[in-house]
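Engineer: Starting from these lines, generate the structure:
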Amino acid sequence: MWTTLKAHHAAVSDRRFEMMLDGARAADFSAMAGDMRLDYAKTNIDADGRALLLDLLDKTGVAAKRDAMFTGAPINETEGRAVLHTALRNLDGGPVHVDGADVMPDVLATLARMGDFAESLRSGAYAGQGGRITDVVNIGIGGSDLGPAMGVLAMAPYHDGPRCHFVSNVDPADVAQVLRSCDPTTTLVIVASKTFTTIETMTNARTARAWMSQKVTDVGAQFVALSTAADKTAEFGIDPSRVFGFEDWVGGRYSMWGPIGLSLMVAIGRDAFHAFLRGAQAMDVHFRNAEWSENLPALLAVVGIWHNQICGYATRAVLPYDNNLSRLPAYLQQLEMESNGKGVSMDGADLQVSSGPVVWGEPGTNGQHAFYQLIHQGTRVVPCEFLVAARGHEDALHHQHQLLVANCLAQSQALMKGRDLAEARSKVADKFEGDELDRQARHRVFPGNRPSVTLAYPQLTPFVLGQLIALYEHRVFVEGVVLGLNSYDQWGVELGKELATALQPVVEGTQSAAGKDGSTVGLVDFLQAHGV
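Structural biologist: Numbering: from 1, shown residues only. Below is the predicted model of the structure:
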């Protein structure tokens with residue numbers, strides 16, 4: 001199947017896809033999910049290529065694997081677990097079974113507890129020793145940080161609760177700078193760690209507890225745990241009423257729909273958080289029911305597969321023209337690269353094609369004045385994904401939003417069209433002549449024929465944010481199934497953790513560096529000589 005796709009690519013690779021783009025193609029190579037539009041017309045995928053790509057979904061059993069995921073089968077085979085983050089947004093409460101038991105009553109009960117606590121905090125009914133809670137500090141790392149941190153920033157126009165801060169890095173600068181801006185008597189700390197043993201998280205949590213104990217007598221009353229380790233949270237001093245657990249069938253990078261999203265619920269309120277879940281649930285329904293040719297997660301996945309595994313483009317730029325989505329690229333880095341950054345297939349054999357791409361990006365228009373030079377004129381092709389809303393949230397500055405939209409559309413057009421030498425010469429013909437004219441013109445040539453897709457939506461609301469994140473989750477799922485790997489484990493993060501634990505006493509000077517490699521010994525010696 002890969003051979004046929006690569007042969008098709010070889011046959012069309014020199015074609016300029018701008019020449020294919022007319023009104024009919026624009027309509028045919030777009031799809032809708034609710035009010036969200038995916039345009040993938042500015043790619044070199046034609047009708048035959050699309051048919052081959054969609055046939056790939058059938059040949060690799062994506063539909064059956066999708067149904068298995070939604071019904072609670074243990075599709076995370078290396079860990080023997082179900083993959084049911086979708087159950088966390090199943091607000092209609094239809095039964096979802098794991099090992100014969102319906103998980104939905106517990107899911108909805110936990111969501112109700114979260115809502116009650118968040119609203120009591122927002123209303124001031126639940127207060128700190130110094131009065132109404134003004135600040136919430138979420139301490140986590142990875143999925144326990146990236147999701148809620150991205151979501152809270154994305155939903156800034158809807159904030160009407162306490163200020164939310166996020167601490168993740170074990171670097172003391174991170175926690176110190178956040179706590180310095182807060183009053184311990186009116187701050188609530190959320191410790192997000194399923195096992196309550198994550199080294200970075202628990203180190204920062206103990207620092208926060210020591211900071212708060214300087215001015216607060218009942219420190220535990222101003223801590224919340226997002227964890228399933230009831231014994232450890234009790235030992236830490238957190239009452240069970242403020243412990244919100246989630247099951248092992250929710251992976252960290254897929255967990256912001258449940259207790260890990262508590263900080264987002266505190267910031268925007270229970271109703272807006274439910275709208276966020278509703279948006280994701282709507283995308284779940286679309287993913288399960290829409291034909292592949294109209295299915296946004298499937299289409300986004302096959303476009304990604306075409307560019308990475310077939311065309312050989314190793315990176316993907318995510319470019320939200322929405323400043324509130326400035327943390328989305330970082331969130332998607334983990335979602336994509338931790339999920340599909342694997343070299344071994346489900347059967348234990350080496351992967352026969354490239355694994356997932358390097359994902360990166362920044363919001364527009366900032367990126368235009370940073371790395372767009374490479375995107376437009378560099379020697380490597382970087383497929384781009386633009387995200388843009390029809391309306392912003394600053395009504396009095398709508399003219400600026402129109403300028404933002406114009407920039408977004410212009411960038412995707414420029415990537416496609418480019419500028420040939422003749423046009424470049426005409427741009428500078430009044431300033432130069434002869435050989436110098438040619439030299440100067442060549443610097444102004446844009447190769448064009450560089451692919452992009454655009455996701456457009458009416459406005460970034462809680463519902464739309466839920467749609468977006470669920471769309472990308474399902475896109476990663478489809479890509480993983482097609483590649484034949486497990487998107488839901490992350491063994492690649494383990495080795496560094498093990499070595500860090502072993503190296504800590506060496507760095508502290510309580511254990512000899514004997515037996516370590518020469519480079520590491522030399523670095524330890526240097527850092528110890530300078531005060532580590």
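Engineer: Could you use CA atoms for every contact and neighbour count after this?
Structural biologist: OK.
Engineer: Could I get the contacting residues of the nearest residue to Trp292 once chain neighbours are set aside?
Structural biologist: Residue nearest to Trp292 in three dimensions, not counting chain neighbours: Ala298, with 6.1 Å by C-alpha to C-alpha, 6 or more residues apart in numbering. Under the criterion of C-alpha atoms under 8 Å, 6 or more residues apart in numbering, the contact list for Ala298 reads 287, 292, 474-475, 478.
Engineer: residue ranges of the helices in the stretch 301-450 of the chain, please?
Structural biologist: 328-340, 372-377, 398-417, 421-428, 434-442 (DSSP state H, counting those that start in this stretch).
Engineer: what would those look like in JSON lines with distance to Arg132 and mean pLDDT?
Structural biologist: Formatted as JSON lines, the helices of the stretch 301-450 of the chain follow (distance: least, C-alpha to C-alpha, whole Å; pLDDT from 0 to 100):
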{"stretch": "helix 328-340", "distance to Arg132": "31", "mean pLDDT": "97"}
{"stretch": "helix 372-377", "distance to Arg132": "46", "mean pLDDT": "98"}
{"stretch": "helix 398-417", "distance to Arg132": "36", "mean pLDDT": "98"}
{"stretch": "helix 421-428", "distance to Arg132": "63", "mean pLDDT": "96"}
{"stretch": "helix 434-442", "distance to Arg132": "64", "mean pLDDT": "96"}
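Engineer: Would you mind finding the most buried of those?
Structural biologist: Each of these was given a mean neighbour count from mean count of other C-alpha atoms under 10 Å, and the largest, a mean of 22, is that of helix 328-340.
Engineer: That one packs against which elements?
Structural biologist: In terms of contacts (3 or more C-alpha pairs under 8 Å, 6 or more residues apart in numbering; DSSP states H and E), helix 328-340 is packed against helix 143-154, strand 315-321, strand 358-360, helix 462-483.
Engineer: Make a markdown table out of the helices of the stretch 301-450 of the chain and add distance to Gly100.
Structural biologist: Written out in a markdown table, the entries for the helices of the stretch 301-450 of the chain read as follows (distance: least, C-alpha to C-alpha, whole Å):
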| stretch | distance to Gly100 |
| --- | --- |
| helix 328-340 | 27 |
| helix 372-377 | 51 |
| helix 398-417 | 49 |
| helix 421-428 | 67 |
| helix 434-442 | 67 |
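Engineer: so which of those gets nearest Ser354?
Structural biologist: With distances scored as C-alpha to C-alpha, the stretch of the helices of the stretch 301-450 of the chain nearest to Ser354 is helix 328-340 (10.0 Å).
Engineer: What are the contacting residues of that closest one?
Structural biologist: With C-alpha under 8 Å, 6+ apart as the criterion, helix 328-340 contacts 142-143, 146-147, 150, 253-254, 318-320, 355-362, 472-473, 476, 479-480, 485-490.
Engineer: could you redo the last one with a cut-off of 6 Å?
Structural biologist: Where contact means C-alpha atoms under 6 Å, 6 or more residues apart in numbering, the residues beyond helix 328-340 that reach it are 146, 318, 356, 359-361, 487-488.
Engineer: could those residues go into a markdown table alongside neighbour count, pLDDT and distance to Lys65?
Structural biologist: Formatted as a markdown table, the contacts of helix 328-340 follow (neighbours: other C-alpha atoms under 10 Å; pLDDT from 0 to 100; distance: C-alpha to C-alpha, whole Å):
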| residue | neighbour count | pLDDT | distance to Lys65 |
| --- | --- | --- | --- |
| Leu146 | 24 | 97 | 27 |
| Val318 | 25 | 98 | 27 |
| Gly356 | 25 | 94 | 19 |
| Val359 | 19 | 98 | 25 |
| Trp360 | 17 | 98 | 28 |
| Gly361 | 21 | 98 | 30 |
| Ser487 | 25 | 95 | 12 |
| Tyr488 | 26 | 95 | 13 |
